[in-house]
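>>> got a sequence here, can you build the structure:
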Amino acid sequence: NDPPIESHHHRRCSISSHPNPSMSTFTLEIPAAYGWVVLGAGVGPFIANIMLSTPVMAARKRCNVQYPNLYAVPGKHEKADEFNRVQRSHQNFLEGLDQYIAMTLLGGLKYPYACAIGTIFFVVGSKLYQIGYCDTTLDVATARYKKGGALKYIGIFTSLFSTGALAYSMITQE
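Numbers count the residues shown, from 1 in each chain. Okay, the predicted model is just below:
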């Protein structure tokens, strides 16, 4: 068994040799900058969730949509469309959050700075997505992108491509 090696740039986690000689060994190095990835994947989504859920709570009161209703019912709630846009913008964030965090934590092992910066795009873009989606003067089909919401996809695709690069390097042992 190799002892773990620490350097200024990487922390190496050695995986011991497998008893079966046909199995290969892969060594995973955790970049020193990985703390930025952990900060982004752990704290970034938490902050984004607060920024996105606060308008939902305000809209719930303003539009008189009581719990346990997740969405307002058109015809029953006077401001159903207004509330549902706010709620839907937050729900969209939650629907993809687990995949984003997993990809960021994995992809950050290969490209920590890219994934950390990608998280900024993801968080800011998610808020801009909500701002656009909530604007009832805009067509609901495109509103979410009219105020900069597409920025979040820079973060998503950064983490996706970084995770793909990590997988490729593990498969090819490069």
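
>>> report pLDDT for the most centrally placed residue in the chain.
Relative to the mean C-alpha position of the chain, the nearest C-alpha, by Cα atoms, centre = their mean, is the one of residue 100, at 3.5 Å. Residue-level confidence at residue 100 comes out at 97, pLDDT.

>>> just residue 28 next, same as before
Per-residue confidence for residue 28 comes out at a pLDDT of 82.

>>> got it, and residue 172?
With respect to pLDDT, residue 172 scores 87.

>>> any idea how far it is from residue 123?
Distance, residue 172 to residue 123, by Cβ to Cβ, to the nearest Å: 33 Å. All C-beta spots, glycine's among them, are computed from the backbone N, C-alpha and C.

>>> between the two, who's got more neighbours?
For residue 172 versus residue 123, the count of surrounding residues by other Cβ atoms under 10 Å is larger for residue 123: 24 against 7.

>>> how about residue 34, nearest residue that isn't a chain neighbour?
Here the nearest residue to residue 34 in space, its sequence neighbours aside, is residue 112; by Cβ to Cβ, 6 or more residues apart in numbering that works out to 5.0 Å.

>>> swap that for residue 41, please
Distance criterion Cβ to Cβ, 6+ apart; nearest residue to residue 41, sequence neighbours excluded, is residue 104 at 4.4 Å.

>>> ditto for residue 92
Nearest non-adjacent residue to residue 92 (Cβ to Cβ, 6+ apart): residue 129, at 7.0 Å.
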